[in-house]
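K.L.:
just coords:
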């Protein structure tokens, strides 16, 4: 199939199993959310997909090709990208430079020593279109560290999108964002390209129910259930385990 | 145009220094050579965020390579520079494969260790390097077959200044390039660079190799202008002083490296001639004053002053 | 740049300065390059103190010429700093003579300079034979290592030491000293049981001493440059109780020079070293020298560096007396000349331009004042620089 | 067999000295996240003051040493307040610059005051001479070094494991942010730890003067050696420092016995291998 297929993924640290027989698919156009209580293994799962961790067993396929042995950087080139839980930007660089870096990297230009980094025509066009897509055009030349937090999250998403991924993992895109700025994030997610496969990992249930078409619930490293937002909202086990517990 | 202004200023200072201190050209040449070494360190510490205390390994190898090349192969200065630069790059590349996997204190200590190993090797291989007596017998040909190295050091100074200009210009271009942008990205967040698909480890080795070439060129210049290479080129002191000068001037923008070197060496020279025994007091207080007053280095001084004036208003 | 111009300037500034002037009451400038700061600053201090003694005894002018010294700090073994300092002294300060130089690479680095400027340069310490072969303008009032270590081998063999373990610092001068000693000792019929090379940066010498001990030699011969390592080495010898096992320690005077001698403690009594100078040298001249030193600098001691500088001052003053600013004339007057020094009689050997001098075998004993001293127990007369390269 | 015993005895004695001087550095670097290049300066001050008290004032060894250590501790408190506190938040590079500046001033002050000569510390009669261990003799002083070293590590264990101060100290090292949230007075802990580290350095400087003789340039001469112990041991780990000091002491000693001609190279290659395999040091936190 096209898209991402995770088959029977396991990860153990010594005797501690943190991912147990996980099966997930993510096809173009999907809007899935991964939820679960603290310590359910969401970060581990992301790290396994992006190649920061190596699985104990199981397969990760992209368009039918096994990518389990690829490095982090190689997986990005293959089309898997993720945003960070806590903003992880190039703080001292300007917003434009933050966007240029992934764009240059995607085109394989960051090994170039001679030309100026802000003179690559194709790159500059894309920088400007991303800036306007995320309504950041006014602050393009400001160092990222001087931006409001919500705006930093937008830069974060713009950067990840600049990699032209086919699989996008949004790791808690609204974490730390004041609720007043939260609609900005939902709006940005809705505006993502239609053919993109998106997996949102999020605590903010309002956001999850707004953007996700299917929800996967992870508990103790294993998948408890998967379904539409309505099904999940109706599932008693999920209520008890997650929604009830964390909101109670 | 704006980016050329500092170069014009640099040229002006170089010319003024030439005429203002006609009898101190040997010292000025040493300052210029040290500037090149400190630039190589700025590329690592200031631009890429790789903290190292082992520039002496690269500088010293450049010096010995250029010295040996001049004695045994060809005494042409420019060819010697290239050989020195190449030697520095090779050492940096090979050692970088291990070093660039580490960070922080571990990296500092490993880089020190590499320089120490080289120093001991140079001592052991005394049939080649002259050991503790130093590698002598270096007599350089005229630069481009035209300009003879003269007694008062005019040729040496102009030659070194030209090399400094070329190195600074090249590094400016590199820092402004996509490669340079990726280095600055690595300084801010290596994790994020990995997440956008940059092979950070390889990039670090690449920049270390480049810095090795620059440090090697500085070493080669030192060998040519002193006409003798001794074990002291590998001294911990070489690396440590380069780092002090860089932080003193301010990191990341190359100009800080130049200013820091000039100020440190000038203060040292003046203080040591006023009181050869106790000049270390002066250097110590200078260093402390800079840390507490302008933590970002002398290059941050104008901004700091502006801010203080602003507060007064 | 025009090279002939540069040469003219060089000549004008450095070479021919006042060579034809014979005006009296002029000022003769002498540049002194030595470590005045850093880990080797003790050399600069010793030099300066000895110069003070000389000036107190002989004044600050000679034959109507005022003598002015300009000090330059070379730090440690740093040829590029030494060369820069020397170049400035020659070009900017236009010195007529140079002096000082503690480390071999520093001296070697300036040879090309003085060959061009024809400046007589008196080496007060650097001790590798080959230096003087690099320029005919080098004169040396210190010594060379073969001068010191070979006579010790003769003495050792004659005094019942038949087997020796050599333990020297693993660098050029250490190896030279070891070779000179071993060659002489084996020629006499002695046996070298083991040759230990100790890294320059060694801190704990105990293991070397233990290793030497297992060979049960009559003595350990050692050369380590004066300073903290030499001190720790002798400490390791005395602390490990080798004296009780009948293993003597012999070596060059660097290992027990006067600046560290008192710190070695009573356990060091009986250690034998050879050198050209002991503060306890029993001559009237030396007593006056030491007395004047103590008068000027109560805490100071006299050691090999002190007499290197003191006799260096003698050579400089004699040159000025004979030639004023004319270095060639000055050198002619001093090369081959003999004089009496606090260390004994000296002759500036015309062949090697290093002083031919007496070597003394000294034993650490307790002096009349209750302090440790290097008591001279035997004299080997008029030892030239035997290591000078024969072409 | 004798050889191995010899290597171990010499190595342990050498390692103890490295441990005493370096442990304070490791803890302060781990706790305050400050690259303190001036640490060796406290060892030098301890040695220099002891030398001065004995030679100039005629005070015997033991009281001299105690006074010197106390003086260093007393001096270190205002130094921490005035000079170190502003640099804690500054990042590594300004810290390097500041502490090297402090080192320069310490060196300049001591060489101005006591000159550039070696400053020997004569040992009291009980510590002189050597002891017969059966398979070899060992300088008596080394026995004292080992005993004092063991007391130090025992004391540190008691302090960190059994006292309230220790619990707070460990909390502050492990979770610097949380500790102050929990109402632990971190600034007091910093002061006390810094003073303790300085005092231990002074003790190590005095006890180690036979191997690492005291002179004004001591802090620069042995800076790399002390930092090596800290890096190999792992930042902030007392046990790590101890293991590293012992391992390096024994390795270095073994090299001196077996192949002295490669001594320095061996030491640094060993360090490269250890840190190459364990970049965080033996017991450092990943």
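P.N.:
All right, it came through fine. On a predicted model such as this, the values are computed, not experimentally measured, just so you know. Numbers count the residues shown, from 1 in each chain, chains lettered A, B, ... in the order given.
K.L.:
ok, and the helix or strand in chain D with the lowest average confidence?
P.N.:
Sorted by mean pLDDT, DSSP states H and E, the helices and strands of chain D end with helix D:176-181, the least confident at a mean of 68.
K.L.:
How about the secondary structure of the residue of chain A positioned farthest from its centre?
P.N.:
Taking C-alpha atoms, centre = their mean, the residue of chain A most remote from its mean C-alpha position is residue A:114, at 33.1 Å. Assigned state for residue A:114: coil (three-state reduction, DSSP: H, G, I helix; E, B strand; the rest coil).
K.L.:
ok, back up a step: near chain C at all, the helix or strand just after the least confident helix or strand of chain D?
P.N.:
Where DSSP states H and E defines the elements, the next helix or strand beyond helix D:176-181 is helix D:186-207. No. Residues of helix D:186-207 are not located near chain C by C-beta under 8 Å from any C-beta of the partner chain, the shortest gap being 13.0 Å. From N, CA and C alone the C-beta is placed, and that goes for glycine too.
K.L.:
Show me how far helix D:186-207 is from its chain's centre.
P.N.:
The chain centroid and the centroid of helix D:186-207 are separated by 10 Å under C-alpha atoms, centre = their mean, to the nearest Å.
K.L.:
Pull the residues that contact the following helix or strand past that helix.
P.N.:
Scanning forward in sequence from helix D:186-207 by DSSP H and E, the next helix or strand is helix D:218-221. Helix D:218-221 is touched from outside by B:237, C:39, C:228, D:37-41, D:43-44, D:47, D:103, D:106-107, D:205, D:212, with contacts defined as C-beta atoms under 8 Å, 6 or more residues apart in numbering or on different chains.
K.L.:
Among those residues, name the ones in helices.
P.N.:
B:237, C:228, D:39-41, D:43-44, D:47, D:103, D:106-107, D:205 (DSSP state H).
K.L.:
list the helices and strands the lengthiest helix in chain B packs on?
P.N.:
Taking DSSP H as the criterion, chain B has its longest helix at helix B:200-226. Contact analysis of helix B:200-226 by 3 or more C-beta pairs under 8 Å, 6 or more residues apart in numbering or on different chains; DSSP states H and E lists helix B:25-42, helix B:55-72, helix B:77-99, helix B:154-176, helix B:178-188, helix B:190-195, helix C:79-91 as its packing neighbours.
K.L.:
what's the angle between that helix and helix B:25-42?
P.N.:
Counting by axes from the mean of the first three to the mean of the last three C-alpha atoms, to 10 degrees, helix B:200-226 lies at 170 degrees to helix B:25-42.
K.L.:
ok, the most centrally placed residue in chain B - contacts?
P.N.:
By C-alpha atoms, centre = their mean, chain B has its centre lying nearest to residue B:37, at 0.9 Å. With contact set as C-beta under 8 Å, 6+ apart, residue B:37 has these partners: B:55, B:59, B:214-215, B:218-219, B:238, B:242.
K.L.:
before we move on, what about residue D:242?
P.N.:
Contacts of residue D:242 (C-beta under 8 Å, 6+ apart): D:19, D:23, D:153, D:233.
K.L.:
ok, now with 6 Å
P.N.:
D:19, D:153 (C-beta atoms under 6 Å, 6 or more residues apart in numbering or on different chains).
K.L.:
I believe it is in a helix; please confirm or correct that.
P.N.:
Yes. Residue D:242 forms part of a helix when assessed by three-state DSSP.
K.L.:
Please report the distance of it from chain A.
P.N.:
As judged by C-beta to the nearest C-beta, to the nearest Å, residue D:242 and chain A stand 27 Å apart.
K.L.:
One more: residue C:296?
P.N.:
59 Å.
K.L.:
my read: that residue touches residue C:50, true?
P.N.:
No. Under the criterion of C-beta atoms under 6 Å, residue C:296 lies out of contact with residue C:50, with a separation of 10.0 Å.
K.L.:
Just want to know which of those two has more residues nearby.
P.N.:
Using other C-beta atoms under 10 Å in any protein chain shown as the criterion, residue C:296 and residue C:50 rank with residue C:50 on top: 28 against 13.
K.L.:
gap between stretch B:70-86 and the chain center?
P.N.:
Centre-to-centre, stretch B:70-86 and its host chain are 19 Å apart (C-alpha atoms, centre = their mean).
K.L.:
In that stretch, which residues are buried?
P.N.:
B:70-71, B:75-77, B:79-86 (16 or more other C-beta atoms under 10 Å in any protein chain shown).
K.L.:
Which two of those have the greatest separation?
P.N.:
Across those, no pair lies farther apart than B:71 and B:85, at 18.0 Å, counting by C-beta to C-beta.
K.L.:
Over to the closest residue to residue A:154 other than its chain neighbours: give its phi and psi.
P.N.:
Closest residue to residue A:154 apart from its sequence neighbours, by C-beta to C-beta, 6 or more residues apart in numbering or on different chains: residue A:134 at 4.6 Å. In terms of degrees, to the nearest 10, the main-chain angles of residue A:134 are phi -100, psi 10.
K.L.:
How many residues are close by residue A:134?
P.N.:
Going by other C-beta under 10 Å, the residues that sit close to residue A:134 add up to 23.
K.L.:
Can you list the low-confidence ranges for the stretch 201-313 of chain B?
P.N.:
Scanning the stretch 201-313 of chain B for pLDDT under 70 picks out B:313.
K.L.:
Could you do chain A as well?
P.N.:
Applying pLDDT under 70 to chain A picks out residues A:242-248.
K.L.:
So which bits of it are right by chain B?
P.N.:
A:72-73, A:76-77, A:88, A:90-92, A:101-102, A:104-105, A:109-113, A:116-117, A:163 (C-beta under 6 Å from any C-beta of the partner chain).
K.L.:
count of neighbours near residue C:349?
P.N.:
Residues lying near residue C:349 (other C-beta under 10 Å) number 20.
K.L.:
just for the stretch 151-286 of chain D, where's the confidence low?
P.N.:
Along the stretch 151-286 of chain D, segments meeting pLDDT under 70 span D:176-177, D:179-182, D:285-286.
K.L.:
which parts of it sit against chain A?
P.N.:
Counting by C-beta under 6 Å from any C-beta, no residue of the stretch 151-286 of chain D is near chain A.
K.L.:
picking that back up, out of the ones in helices among the contacts of helix D:218-221, which is nearest to chain A?
P.N.:
Chain A has its nearest neighbour among those in residue D:103, at 30.1 Å by C-beta to the nearest C-beta.
K.L.:
show me what contacts the residue of chain C found nearest chain D?
P.N.:
Per C-beta to the nearest C-beta, residue C:263 is where chain C lies closest to chain D, at 2.4 Å. Counting by C-beta under 6 Å, 6+ apart, residue C:263 makes contact with residue D:120.
K.L.:
so what's residue C:24 scoring on pLDDT?
P.N.:
We note a pLDDT of 50 for residue C:24 in this prediction.
K.L.:
ok, so what distance separates residue B:146 from chain A?
P.N.:
Residue B:146 is 30 Å from chain A, by C-beta to the nearest C-beta.
K.L.:
likewise residue B:35?
P.N.:
To chain A, residue B:35 is 22 Å away according to C-beta to the nearest C-beta.
K.L.:
from what I can see that residue touches residue B:258, true?
P.N.:
Yes. Residue B:35 lies in contact with residue B:258 (C-beta under 6 Å); the separation is 5.3 Å.
K.L.:
Look at the two and report which has more neighbours.
P.N.:
For residue B:35 versus residue B:258, neighbours defined as other C-beta under 10 Å are more numerous around residue B:35 (29 against 26).
K.L.:
In space, what's closest to the more buried one - neighbours in sequence excluded?
P.N.:
residue B:261 (4.6 Å).
K.L.:
repeat for residue C:60
P.N.:
Using C-beta to C-beta, 6+ apart and skipping the chain neighbours, the partner closest in space to residue C:60 is residue C:67 (5.8 Å).
K.L.:
where does the one you found land in three-state SS?
P.N.:
Using three-state DSSP, the structure places residue C:67 in strand.
K.L.:
Neighbours of it, how many?
P.N.:
Other residues close to residue C:67 by other C-beta under 10 Å number 20.
K.L.:
Next: residue A:138.
P.N.:
A count of nearby residues for residue A:138, using other C-beta under 10 Å, gives 9.
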